[in-house]
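> quick one, structure for this:
(2 chains)
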Amino acid sequence: MRFATWNVNSVKARLPRLLDWLTTTAPDVVCLQETKVAQDGFPGEVAELGYEVAAYGQGRWNGVAILSKAGLGDVRHGFDGEPGFPEAEARAVSAICGGIRFMSVYVPNGRTPEDPHYTYKLQWLAALRTALVPDLAAGPVVVAGDYNVAPTDADVWDPAVFAGSTHVTPPERAALAELRALGLSDVPARPLKGDHPFTYWDYRAGMFHQNKGMRIDLVYASSDIAGRVTDALVDREARKGKGPSDHAPIVVDIKD
DNA sequence: ATGACCCCTCTAAGGGGA
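Sure thing, here's the model as predicted:
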């Protein structure tokens, strides 16, 4: 099975590129984030490529989806105990595809460490941890998406630039460590260029072509899945050219 | 050349992203 995760930064703005990428990459399951579309407005062209679609969206902000050619069962919007800001936001969708519980997550940004959004981010990650306990007891799990946390200093292009910012603070990193303590492994993805598997590069100031990026999109997998990985890469080709997302996809192959 | 912000919509003296 081949699965992937990609923050597309608007599925409507990215549709031609998404359709081309799905055709050439041919993943069986895709977790999308920042679709920025209400679920009844999700583009039908994706289903025309043969994917079943579980979309959870609210319009202008956020929005997540799972695309699958491996079945799409027990779809859930959000998770038990998920906090809002203050209302519920479309940041998680999960489904069983090919016997694996896939969850596509778009973790809150946090804005600044002093902002109420940062508290929300930590509460959201803590609630996610609690909600995953029964899922992990039930079978194999993949939680993939935009975590908006760089797990280590090696995961940002210059740690000094991020001092005092969100995405690198000890509480955020501790929240990810709590997820890993459940038995989830951070699936390492190889960069196709350079030493760091960055997945995000700011649109501004030529950050991509200088490879000044961040590794904030992650694939967390239960041990049975992690042990079946045959390859994982950051598809930086999808970040090139005209009209890209500011995030690149991660593509993972596992043995059947 | 990968090439120097971009998405959305209350179309901005805007909000949000990270």
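> please report the distance of A:V234 from DNA strand B.
Here the criterion is C-beta to the nearest atom of the strand, to the nearest Å. By it, A:V234 lies 13 Å from DNA strand B. The C-beta positions use only the backbone N, C-alpha and C, and glycine is treated the same way.
> cool, A:P116 as well?
11 Å.
> how about A:R60?
Using C-beta to the nearest atom of the strand, one gets 4 Å for the distance from A:R60 to DNA strand B.
> any idea what the spatially most central residue of chain A is bridged to?
For chain A, A:G145 is the residue whose C-alpha lies nearest the centre (C-alpha atoms, centre = their mean; 0.9 Å). Beta bridges link A:G145 to A:V105, A:L218, judged by DSSP bridges.
> which residues does it contact?
When contacts are counted by C-beta atoms under 8 Å, 6 or more residues apart in numbering, A:G145 is found next to A:T5, A:N7, A:C31, A:Q33, A:V64, A:M103, A:S104, A:V105, A:Y106, A:V107, A:D217, A:L218.
> residues near the fifth one, how many?
A:V64 is surrounded by 29 other residues when neighbours are defined as other C-beta atoms under 10 Å.
> for it, what are its contacts?
With contact set as C-beta under 8 Å, 6+ apart, A:V64 has these partners: A:31-33, A:35, A:55-57, A:90-93, A:104-106, A:145.
> and what of the fourth one?
Under the criterion of C-beta under 8 Å, 6+ apart, the contact list for A:Q33 reads A:T5, A:W6, A:N7, A:V8, A:G63, A:V64, A:S104, A:V105, A:Y106, A:G145, A:D146.
> quick one: mean pLDDT over stretch A:97-108.
Mean pLDDT, stretch A:97-108: 98.
> check stretch A:218-225 too.
Stretch A:218-225 shows an average pLDDT of 98 in the prediction.
> buried sites along that stretch?
Residues of stretch A:218-225 classed as buried: A:L218, A:V219, A:Y220, A:A221, A:S222, A:I225 (neighbour count, 16 or more other C-beta atoms under 10 Å).
> and the stretch 101-250 of chain A, which residues reach DNA strand B?
Taking C-beta under 7 Å from any atom of the strand, the part of the stretch 101-250 of chain A that reaches DNA strand B is made up of A:108-109, A:111, A:117, A:146, A:148, A:166-167, A:193, A:200, A:202-206, A:208-209, A:211, A:214, A:216, A:240-244, A:246-247.
> show me the strands in the stretch 51-200 of chain A, by range?
Residue ranges of the strands in the stretch 51-200 of chain A, as given by DSSP state E, counting those that start in this stretch, are A:52-56, A:64-68, A:73-77, A:92-97, A:100-106, A:141-146, A:184-186.
> okay, the fourth one in PDB with CA atoms only?
Only the C-alpha atoms of strand A:92-97 are listed here, as PDB (Å, rounded to 0.1, in the frame of the first residue of the first chain):
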ATOM      1  CA  ALA A  92      -9.400  15.900  12.200                       C
ATOM      2  CA  VAL A  93     -11.200  13.200  10.100                       C
ATOM      3  CA  SER A  94     -10.600   9.500  10.400                       C
ATOM      4  CA  ALA A  95     -11.600   6.300   8.600                       C
ATOM      5  CA  ILE A  96     -10.600   2.700   8.200                       C
ATOM      6  CA  CYS A  97      -8.900   2.000   4.900                       C
END
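> good, wrapping up.
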